[in-house]
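J.: fold the following.
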Amino acid sequence: MSTEHADPGHGHSPAAWTAVVIMLVAIAVGTVAFFLDVPWLVWASAGLLVIGIIVGWALARAGYGVDGAKTAPKVH
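T.: Below is the predicted model:
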């Protein structure tokens, strides 16, 4: 068994943070819109949720994901 610990990253990257913030805003807006019975805003927030997923994927492909070319390694 190796004593070296390999950190899988756990999504600590600009791509992951951006995607999660967009999706959290979408869920919060969608929840309030559902409570206030505004169907078009519920569907718009569902679309924003999908946009958050796409933005996270695009940023990861652009090098802003875990161990990406455009991210600085975290020093412990």
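J.: tell me the centre residue of this structure?
T.: Of all residues in the chain, the one closest to the mean position by Cα atoms, centre = their mean is Ala19, 2.1 Å from it.
J.: ok, that residue - contacts?
T.: Shown in contact with Ala19 (Cβ atoms under 8 Å, 6 or more residues apart in numbering): 52-53, 55-57, 59. Yep, even glycine has a C-beta here, placed from its N, CA and C like the rest.
J.: just the buried ones out of these, please.
T.: Using 16 or more other Cβ atoms under 10 Å as the burial test, the contacts of Ala19 include 52, 55-56, 59 as buried.
J.: from those, which land in helices?
T.: Residues of the buried ones among the contacts of Ala19 located in helices (DSSP state H): 52, 55-56, 59.
J.: still on that earlier bit, and for the residue nearest to the centre of the chain, nearest residue in space, chain neighbours not counted?
T.: Spatially, and ignoring its direct neighbours in sequence, Ala19 is nearest to Gly56 (2.6 Å; Cβ to Cβ, 6 or more residues apart in numbering).
J.: so what's Ile27 up against?
T.: Applying Cβ under 8 Å, 6+ apart, the residues near Ile27 are 45, 49.
J.: tell me which element it falls in.
T.: Of the helices and strands defined by DSSP states H and E, Ile27 is found in helix 14-35.
J.: send over that helix as PDB, restricted to the C-alpha atoms.
T.: C-alpha atoms of helix 14-35 as PDB (Å, rounded to 0.1, in the frame of the first residue of the first chain):
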ATOM      1  CA  PRO A  14     -13.500  27.500 -11.300                       C
ATOM      2  CA  ALA A  15     -15.600  25.400 -13.600                       C
ATOM      3  CA  ALA A  16     -17.300  23.500 -10.800                       C
ATOM      4  CA  TRP A  17     -17.900  26.600  -8.700                       C
ATOM      5  CA  THR A  18     -19.400  28.500 -11.600                       C
ATOM      6  CA  ALA A  19     -21.700  25.700 -12.500                       C
ATOM      7  CA  VAL A  20     -22.800  25.100  -8.900                       C
ATOM      8  CA  VAL A  21     -23.600  28.800  -8.300                       C
ATOM      9  CA  ILE A  22     -25.600  29.100 -11.500                       C
ATOM     10  CA  MET A  23     -27.500  25.900 -10.700                       C
ATOM     11  CA  LEU A  24     -28.200  27.100  -7.100                       C
ATOM     12  CA  VAL A  25     -29.600  30.400  -8.300                       C
ATOM     13  CA  ALA A  26     -31.800  28.500 -10.800                       C
ATOM     14  CA  ILE A  27     -33.100  26.200  -8.100                       C
ATOM     15  CA  ALA A  28     -33.800  29.100  -5.700                       C
ATOM     16  CA  VAL A  29     -35.600  31.200  -8.300                       C
ATOM     17  CA  GLY A  30     -37.500  28.100  -9.500                       C
ATOM     18  CA  THR A  31     -38.600  27.300  -5.900                       C
ATOM     19  CA  VAL A  32     -39.900  30.800  -5.300                       C
ATOM     20  CA  ALA A  33     -41.600  30.900  -8.700                       C
ATOM     21  CA  PHE A  34     -43.300  27.500  -8.000                       C
ATOM     22  CA  PHE A  35     -44.500  28.800  -4.600                       C
END
